[in-house]
Structure formats: C-alpha cells, structure tokens
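Engineer: take a look and give me a structure for this.
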Amino acid sequence: MQLKDLTVKEFRQLLKVWMRETVEEVLQEISMDEESHLPLKPEFRQSLLERREERLQGKSKTYSTEEVMERLGLTNS
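Structural biologist: Prediction:
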C-alpha cells in the first residue's frame, strides 16, 4: 500500500504512531550520556520529571494531534 492510497483517518493514525515512535526514539537517544554511556544525570532527569508534572497540571502548552496536523497543513479543510 502506498501513502496516496490511505484514507485521511488511516493517515492520521499512521502519523500518530510515527510521532509517538519518533518521540520515544529521541528520548532514548538523549537518555544516555554520549561520552560515558551512562543513564541521565540526576539533574536532567529531575528537570524532565518537573516538566512532565507541569504538563499534567496544565501549566504548560501541549498540542493535540489535530493541532499539529493543522499547523503542518495536513487537514482536509
């Protein structure tokens, strides 16, 4: 199946999966100290946890998949 054959719904689902996998890969890449190949420094890990908590409490802006797609010009409107 080619991309052009997907419905909008199928494409959106594919995009969601791709975005989630990309984020997971990036987090995995930055979770290791490149020089020593050790886990994250405690300060950096704490910073990530604090940002997560802010997001969960609604103190930071997050974007829905629909908003991202609209910003990328991928909506059918």
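Engineer: quick check: which ranges of this structure have low pLDDT?
Structural biologist: By pLDDT under 70, the weakly predicted segments of the chain are 1, 28-29, 31-38, 76-77.
Engineer: can you give me the helices for it?
Structural biologist: Ranges of helices within the chain are 8-30, 42-56, 65-71, based on DSSP state H.
Engineer: out of the ones you listed, indicate the one that is most buried.
Structural biologist: Of these, the one with the most neighbours on average (mean count of other CB atoms under 10 Å) is helix 65-71, at a mean of 13. From N, CA and C alone the C-beta is placed, and that goes for glycine too.
Engineer: what's that one in contact with?
Structural biologist: The contact list for helix 65-71 (CB atoms under 8 Å, 6 or more residues apart in numbering) reads 12, 15-16, 19, 63, 75, 77.
Engineer: what's Arg55 in contact with, if anything?
Structural biologist: Here Arg55 is in contact with Thr62 (criterion: CB under 8 Å, 6+ apart).
Engineer: then Leu6?
Structural biologist: Counting by CB under 8 Å, 6+ apart, Leu6 touches Leu14.
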